[in-house]
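Asker: Next comes the sequence, and after it the predicted model I'd like to discuss.
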Amino acid sequence: MSESKMNFDEALQQLEQVVRQLEAGNLPLERSIELYKQGMLLSNECHQKLQQIESEVAKLVDPTGSMTDFEVSGE
């Protein structure tokens, strides 16, 4: 499954699997590097999806039904 077609939960689950494999420490160097690259791609995918969701959540509907921007802390 391509990372861009995954939802956040799927990407995070795969990232957690990669991390567990790397933490086990019993892999050949070449496989460790492959997993590290895969983990970085998955991490970036999760980050992008979180930013997209944060942007969507930052817009709230006020009582009149119109959209208002909501200031996100940390920006």
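Answerer: Yes, it's here.
Asker: Show the average pLDDT along the biggest helix by length in the chain.
Answerer: Identified as the longest helix of the chain according to DSSP state H is helix 29-57. The pLDDT scores in helix 29-57 average 93.
Asker: packing partners for that helix?
Answerer: Under the contact definition 3 or more CB pairs under 8 Å, 6 or more residues apart in numbering; DSSP states H and E, helix 29-57 sits against helix 8-24. Any C-beta I mention is one placed from the backbone N, CA and C, and that applies to glycine too.
Asker: Not counting the helix it packs on itself, show me its contacts.
Answerer: Residues from elsewhere that reach helix 8-24, judged by CB atoms under 8 Å, 6 or more residues apart in numbering: 1, 3, 6, 27, 32, 35-36, 38-39, 42-43, 45-46, 49-50, 53.
Asker: Narrow those residues to those that are buried.
Answerer: Neighbour counting with 16 or more other CB atoms under 10 Å marks 3, 6, 35, 38-39, 42, 45-46, 49 as buried within the contacts of helix 8-24.
Asker: Max pairwise distance over those: which two?
Answerer: Farthest apart among the buried ones among the contacts of helix 8-24 by CB to CB are 35 and 49. That separation is 20.7 Å.
Asker: Report the contact partners of the residue most central in space within the chain.
Answerer: Taking CA atoms, centre = their mean, the centroid of the chain lies closest to residue 46, which sits 0.9 Å from it. By CB under 8 Å, 6+ apart, the contact set of residue 46 is 8, 11-12, 15.
Asker: Quick check: ChimeraX command selecting the buried ones in these.
Answerer: In ChimeraX syntax, the buried subset of those is picked out as below (16+ other CB under 10 Å):
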select :11,12,15
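Asker: just the contacts of residue 46 now: which is nearest residue 58?
Answerer: residue 8 (16.8 Å).
Asker: confidence score at the closest one?
Answerer: pLDDT for residue 8: 92.
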